[in-house]
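Novice: Okay, here's the prediction I keep looking at, along with the sequence it came from:
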Amino acid sequence: MREDIEKVIVSTDQIHEIVERLGKQLHDDYRDKNPIFICILKGAVIFMTDLIRAYDDLSEIEFMDVSSYGDAFESSGEVRIIKDLDVPVNGRHIVIVEDIIDTGRTLAALIKLLDSRGAASIKICSLLSKEAHRLINVHVDYIGVEVPDEFLVGYGLDYKNQYRNLPFIGVLKPKIYE
Ligand SMILES: O=P(O)(O)OC[C@H]1O[C@H](OP(=O)(O)OP(=O)(O)O)[C@H](O)[C@@H]1O
Ligand code: HPA
Ligand SMILES: [Mg+2]
């Protein structure tokens, strides 16, 4: 698997530092608010499990499965909800946990949906932001790191559902796409 990587963009050590920083920041901002962390499957699952341990306070976790990329490099533009939340969110403080914000389409659709359900507040925490590729402007409250406009894999991010379990984030060798 690792031999398929051309270069590392965010190392394991860097990821660890980012997660600790974001966990502390969230802890300062959400004290006594019992937030719900909503993990957007599948990509955010690895980040989520590390982040909630760095948060270190009372909170709840929930999961939604949303997909717009399938096996492709480019978002289809259609955000499909594959698994919805099992709990009501009205009156609750929500932190949407994402691995990456790329075109912004997934988040724009999610914010609209959760807002219509009466959440008390909705904030976004994303490990990565690919601002250069944004098509829809979404405000991201907590960003781990800005990344270049390249297709990335690892630490939750996939190509054809593979490479999510790499402990760092990198770019694949071109021959993998051919
Ligand atoms: O800003 P966008 O262009 O909408 O891209 C970001 C979304 O794309 C990825 O999910 P994907 O649809 O690949 O599903 P997955 O997490 O199951 O891989 C990623 O995990 C984000 O949810
Ligand atoms: O760069 C990416 N890699 C993997 N999945 C993604 N979904 C949006 N952007 C990406
Ligand atoms: Mg994907």
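Specialist: That came through, no problem. Ligands and ions are numbered 1, 2, ... in the order given.
Novice: Share the number of residues neighbouring the closest residue to Asp149 other than its chain neighbours, please.
Specialist: Excluding the flanking residues, the one nearest Asp149 by C-beta to C-beta, 6 or more residues apart in numbering is Ala132, at 4.1 Å. C-beta coordinates here come from the backbone N, C-alpha and C atoms, glycine included. When counting by other C-beta atoms under 10 Å, one arrives at 11 neighbours for Ala132.
Novice: how close does Ala132 sit to Pro174?
Specialist: Taking C-beta to C-beta, to the nearest Å as the measure, Ala132 falls 20 Å from Pro174.
Novice: Arg92 touches Ile122, doesn't it?
Specialist: No. When contacts are counted by C-beta atoms under 8 Å, Arg92 is not listed as touching Ile122 (9.6 Å).
Novice: end-to-end on stretch 65-80?
Specialist: Chord length of stretch 65-80, first to last residue, is 8 Å (C-alpha to C-alpha, to the nearest Å).
Novice: Can you classify the spatially most central residue of the chain by secondary structure?
Specialist: Nearest to the mean C-alpha position of the chain, counting by C-alpha atoms, centre = their mean, stands Glu98 at 1.4 Å. What DSSP: H, G, I helix; E, B strand; the rest coil gives for Glu98 is strand.
Novice: On the strand side of things, show who it bridges to.
Specialist: The residues listed as beta-bridge partners of Glu98 by DSSP bridges are Ser126.
Novice: Skipping adjacent residues, who's closest to Asn137 in space?
Specialist: If you skip the residues right next to it in sequence, Asn137 has Gly104 as its closest partner in space, 6.6 Å away by C-beta to C-beta, 6+ apart.
Novice: residues contacting the one you found?
Specialist: The neighbours of Gly104, taking C-beta atoms under 8 Å, 6 or more residues apart in numbering as the test, are 134-138.
Novice: And the residues you listed, which is closest to Ser59?
Specialist: When the contacts of Gly104 are compared for distance to Ser59, the smallest value, 22.7 Å, is given by Val138; criterion: C-beta to C-beta.
Novice: Based on its surroundings, how many neighbours for that closest one?
Specialist: The criterion is other C-beta under 10 Å. On that basis, Val138 has 17 neighbouring residues.
Novice: What pLDDT does the model give it?
Specialist: What the model reports for Val138 is a pLDDT of 93.
Novice: roughly how far apart are it and Ala108?
Specialist: Counting by C-beta to C-beta, the gap from Val138 to Ala108 is 6 Å.
Novice: Now do the same contact list for the residue nearest to the centre of the chain.
Specialist: Contacts were defined as C-beta under 8 Å, 6+ apart; by that measure Glu98 touches 40, 43-44, 47, 106-107, 124-127.
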